[in-house]
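In: dropping the sequence and predicted coords here.
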Amino acid sequence: MDRITIGNVEITALSDGVLEFDLCNFFPAIPQESWLSYRDHLSPEGNVSLNVASYLIRSDGRNILVDTGLGPKPADAPETPWGELMHDFQAHALSPNDVDMVVMTHLHRDHVGWNLLSQDGKYVPTFPNARYYMSQIDWEACHNPDLVETRFPNAPDCVWPLAEMGLIEFMEGEHSLTSELTTIPTPGHTPGHMSIMINSQGQRGLVLGDVLHNTAQIQELEWCSRADIDPAVAQATRRSLVDKIEQEDLTVVAVHLPKPGFGKIVRSEGRRYWQSL
Ligand SMILES: [Zn+2]
């Protein structure tokens, strides 16, 4: 089931690929033994498996693409299982021309990769009819010389040129995208990280972004991946958002959880769990 509706909002799950990471590499601060009781949250090989999702959301007659994956697969990395997003567009009978708005939850490399294509030494937008929405705070962060190389390595190619092309819409704080979609700041993973609240016909949902990378973090709220830029702030955000999702019974759209990433957070015997839809 890669398509759900929340009220009048329709959400189609797309993917740019699925990556696997070594546990010690991806959660360097978490001892391997701590994962023993979370074996079923890992791949059969015991790795962290990350879907690189994009979502095409239809709201108010607009097509909104949330996040754009890692981008075209480099020719010198034939084994790398990414770069699938355009194939997945085709498989869903979608065209890049259909996209009216590209919204980035944040500016890490696996969320901006397909923003632009390089043609004859020039950049062209992959989604030629779209405006590109991003957090003002992350825009500033991805120009910080201390962060570019380590945290935003593809921003100079995939994000910066959008400004000269006049395609950027900056978001600050809560930003209304349509009458049914509003961004909310959920900082920590990146300084300007945003999630998207969906509210339509009395039904509510949340596009999470990178507040969670693995379902084990629903119980282990303190566990931070190496990708969280400010672990303390990321922990606080994760705690408050997981509480909110459970208390308000929100439908979750989760970029990196197992495909297609639709689920709820439910409580059983005092513990919270991810329940796929
Ligand atoms: Zn990510």
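Out: Everything's here; your move. Numbering: from 1, shown residues only.

In: what about the helices in the chain?
Out: 23-26, 85-91, 136-141, 145-151, 155-158, 161-164, 231-247 (DSSP state H).

In: as CSV, those helices with distance to residue 123 and mean neighbour count would be great.
Out: In this view, the C-beta of every residue, glycine as well, is placed from N, C-alpha and C. Shown next, in CSV, are those (distance: least, Cβ to Cβ, whole Å; neighbours: other Cβ atoms under 10 Å):
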stretch, distance to residue 123, mean neighbour count
helix 23-26, 31, 15
helix 85-91, 17, 17
helix 136-141, 17, 20
helix 145-151, 18, 12
helix 155-158, 8, 19
helix 161-164, 4, 15
helix 231-247, 32, 17
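
In: make CSV from these and add mean pLDDT to it.
Out: Below are these laid out as CSV (pLDDT from 0 to 100):
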stretch, mean pLDDT
helix 23-26, 92
helix 85-91, 97
helix 136-141, 98
helix 145-151, 94
helix 155-158, 96
helix 161-164, 97
helix 231-247, 98
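
In: pipe those helices into JSON lines and attach distance to residue 14 per row.
Out: Below are the helices of the chain laid out as JSON lines (distance: least, Cβ to Cβ, whole Å):
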{"stretch": "helix 23-26", "distance to residue 14": "23"}
{"stretch": "helix 85-91", "distance to residue 14": "4"}
{"stretch": "helix 136-141", "distance to residue 14": "22"}
{"stretch": "helix 145-151", "distance to residue 14": "25"}
{"stretch": "helix 155-158", "distance to residue 14": "17"}
{"stretch": "helix 161-164", "distance to residue 14": "21"}
{"stretch": "helix 231-247", "distance to residue 14": "22"}
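
In: need those in TSV (columns: distance to the ion).
Out: Converted to TSV, the helices of the chain look like this (distance: least, Cβ to the ion, whole Å):
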stretch	distance to the ion
helix 23-26	11
helix 85-91	14
helix 136-141	13
helix 145-151	11
helix 155-158	14
helix 161-164	19
helix 231-247	12
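
In: no more questions from me, cheers.
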